[in-house]
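Peer 1: quick one, structure for this:
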Amino acid sequence: MYVIIGGAGQVGQSVARSLVQQGHELAIIEADEAAADRASVLDALVVKGNTASPAKLEEAGVNKADAFIAVTNSDEINIVASALAHSYGAKTIARVNSGDYINEPVSEALERSLGINVAVSPDLATSSRISRIFLTPTLLDTDVLAGGQVQMLESRIRPDAPVVGVAIKDMNLPKHTNIVAIFRKKETIIPEGSEVIQAKDEVITILGEQGDVPVVAELFGYSPTVTRKEKAERVVIAGATRIGRHLAGSLEKMMDVVLIDPNEKACRMASESLSNTLCIQGEPTDKDVMQEEGLTDVDAFIGATAREDLNTLSCLMAKQNGVKVTIAVVYRPDLRSALQDVGVDIAVCPTIATMNSILQHIHFKKGLASLHVLHHGNARVVEFEVTEKSRIAGKTIKKAGLPKNSLVATIVRDAKTIIPHGDTPVYPGDRLIIFTRTSVIPKLADAIL
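Peer 2: As a prediction, the model looks like this:
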């Protein structure tokens, strides 16, 4: 597939690296000299200039492009460039964040009017990502796959966790549970049973039963007082930003929500748009304000301002004041792991949320779709529906010839979830959830399609 990316910022370069690893041909258009130079290290054609320029689009090869991804910092440039690329026949995916154009995380409603097949809002994608954490009682970094039949838990192994120094095969995990990926420093590991867990490993776990999440969380070192709470009842959101307002609107239907922001106008706008959220004007880092308003005795605190330093600081102060779970919005993907070392429980990054949403719409080959992007794009969760013509149909997993750095984590068969082993057969109609390093996706496709 030939793909053009407009914009070489954090999202653009992250998407580009992932697509290059998959084996796609690539061109990047970037107006900023420094950003264009940084992008030149990738195996891609780099065109310096305005993404919305017809001449630059043609220089990048828009007439032969299968897909065009517009991720500059300007909604208007992304819209114009997508309309032009669409006229050449390319599938278009655009970052569009303004509420004037989009009011949902991912929208396909702009194709007819603006020539955008898929529009992605970073703010709303981030808000939805945080909202999903509250759908499980654990308040841990969980997500759902396979239409909600499978839980995916992202955890950082704490130093005092019972599993530190223990091989996966000896961990006594619940029956329908599978550790499918480990990120250790810069290394991506698709583990075997003999792999020994280390402190500070970032571990991806698949669970077929939601009720097993607290059990696994405790094995990874998380306190029972957090993991066994029946539900979150009260949450504070710092920042009446679009992320904060949208998040409050989602959560106020399920629990008591307080939104705090120092800006009077922002508080007033939030109050007018929300039904059951208490909006307070004040600094989330002001200990006196937080105590006077009773905002320290809550189940969760979310830092959702436009400043990641303020989000981090307010989360740390909330933790010191006894808040059980803290979630910070950060804008640099590399900060996620570092913050967990200093006391922020979960860090959510708009760059990663946007990248996830975009790459879900760039299929590797027909039938093989991306569900989730992990570790800065170095690993993926992919879904594959087996047909009678699939090479893997009728084979056991160990005889399927899958590449080394890939693992069938789950099989969904007749609405039932199976955690497979090497002798598990694969049949037409099965849906496979596969964890794989991005670099081996072409080999994976050859093995199963």
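Peer 1: hmm, K395 and D423 touching each other?
Peer 2: No - counting by Cβ atoms under 8 Å, D423 does not reach K395; the two are 10.8 Å apart. Just so you know, the C-beta spots here come from the backbone N, C-alpha and C atoms, and that holds for glycine as well.
Peer 1: and these two? Which one has more around it.
Peer 2: K395 (16 against 9; other Cβ atoms under 10 Å).
Peer 1: ok now do the more buried one, which residues does it touch?
Peer 2: P425, V426 (Cβ atoms under 8 Å, 6 or more residues apart in numbering).
Peer 1: lowest-confidence helix or strand of the protein?
Peer 2: helix 224-227 (a mean of 54; mean pLDDT, DSSP states H and E).
Peer 1: right, and the helix or strand after it?
Peer 2: strand 234-238 (DSSP states H and E).
Peer 1: which SS state does the residue nearest to the spatial centre of the chain fall under?
Peer 2: Of all residues in the chain, the one closest to the mean position by Cα atoms, centre = their mean is A353, 4.3 Å from it. With DSSP: H, G, I helix; E, B strand; the rest coil as the basis, A353 sits in helix.
Peer 1: find the nearest non-adjacent residue to it, please.
Peer 2: A125 (4.1 Å; Cβ to Cβ, 6 or more residues apart in numbering).
Peer 1: just D32 next, same as before
Peer 2: A8 (7.5 Å).
Peer 1: still on that earlier bit, residues contacting the residue nearest to A353?
Peer 2: Shown in contact with A125 (Cβ under 8 Å, 6+ apart): P105, V106, P350, A353, T354, N356, S357.
Peer 1: burial of the second one, as a residue count?
Peer 2: Looking back up the chat, that one is V106. Quick note: V106 (other Cβ under 10 Å) scores 19 neighbours.
Peer 1: surely it touches L359?
Peer 2: No - with contact defined as Cβ under 8 Å, V106 does not reach L359; the gap is 11.9 Å.
Peer 1: grab the nearest non-local neighbour of T177.
Peer 2: Using Cβ to Cβ, 6+ apart, the closest residue to T177 is L207 (5.1 Å).
Peer 1: what's the distance between the one you found and K48?
Peer 2: Between L207 and K48 the distance is 47 Å, computed by Cβ to Cβ, to the nearest Å.
Peer 1: those two - which one has more neighbours?
Peer 2: L207 (23 against 18).
Peer 1: thinking again about what came up before, isn't there a helix covering the residue nearest to D32?
Peer 2: No - secondary structure of A8 (three-state DSSP): coil, not part of a helix.
Peer 1: phi first, then psi, for it.
Peer 2: As for A8, its main-chain torsions (degrees, to the nearest 10) stand at phi -120, psi 40.
Peer 1: swap in S107?
Peer 2: The phi/psi pair for S107 (degrees, to the nearest 10) is phi -130, psi 140.
Peer 1: give me the pLDDT for the nearest residue to it once chain neighbours are set aside.
Peer 2: With sequence-adjacent residues excluded and distances taken as Cβ to Cβ, 6+ apart, S107 is closest to A119, at 4.6 Å. In this model, A119 is scored at 96, pLDDT.
Peer 1: thought A119 was touching I102?
Peer 2: Yes - between A119 and I102 there is a contact at 5.2 Å, judged by Cβ under 8 Å.
Peer 1: rewinding a little: now, which of the contacts of A125 sits nearest R129?
Peer 2: Set against R129, the nearest of the contacts of A125 by Cβ to Cβ is A353 (5.0 Å).
Peer 1: any idea where the strands of the stretch 1-150 of the chain begin and end?
Peer 2: 2-6, 25-30, 45-48, 67-70, 91-95, 106-107, 118-120, 141-145, 150-156 (DSSP state E, counting those that start in this stretch).
Peer 1: the nearest residue to P284 once chain neighbours are set aside and Q340, how far apart?
Peer 2: Once flanking residues are discounted, P284 sits nearest to A238: 3.5 Å by Cβ to Cβ, 6+ apart. Note on A238: its distance to Q340, by Cβ to Cβ, is 19 Å.
Peer 1: and these two? Which one has more around it.
Peer 2: A238 (30 against 19).
Peer 1: quick check: beta-bridge partners of the more buried one?
Peer 2: A238 forms beta bridges with I260, G303, as assigned by DSSP bridges.
Peer 1: what sits against the closest residue to Q149 other than its chain neighbours?
Peer 2: Excluding the flanking residues, the one nearest Q149 by Cβ to Cβ, 6+ apart is T417, at 5.3 Å. Each residue near T417 by Cβ under 8 Å, 6+ apart is listed here: A146, Q149, V150, H176, G208, T410, I411.
Peer 1: shouldn't the residue nearest to T177 be in contact with A217?
Peer 2: No - look at L207 against A217 with Cβ under 8 Å: they stay out of range, at 10.3 Å.
Peer 1: ranges for the helices of the stretch 251-400 of the chain?
Peer 2: 264-273, 287-292, 308-320, 335-342, 350-359 (DSSP state H, counting those that start in this stretch).
Peer 1: and the third one with helix 335-342, angle?
Peer 2: For helix 308-320 against helix 335-342, the angle between stretch directions is 30 degrees (axes from the mean of the first three to the mean of the last three Cα atoms, to 10 degrees).
Peer 1: which one's more surrounded, A119 and I102?
Peer 2: A119 (28 against 22).
Peer 1: show me what contacts the nearest residue to S357 once chain neighbours are set aside?
Peer 2: Once flanking residues are discounted, S357 sits nearest to V120: 4.5 Å by Cβ to Cβ, 6+ apart. Residues in contact with V120 (Cβ under 8 Å, 6+ apart) are I93, A94, R95, V96, P105, V106, T354, S357, I358.
Peer 1: make a markdown table from those and add pLDDT and distance to G193 to it.
Peer 2: Listed next are the contacts of V120 as a markdown table, based on pLDDT from 0 to 100; distance: Cβ to Cβ, whole Å:
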| residue | pLDDT | distance to G193 |
| --- | --- | --- |
| I93 | 97 | 39 |
| A94 | 97 | 44 |
| R95 | 97 | 41 |
| V96 | 96 | 45 |
| P105 | 93 | 37 |
| V106 | 93 | 37 |
| T354 | 92 | 35 |
| S357 | 88 | 34 |
| I358 | 91 | 34 |
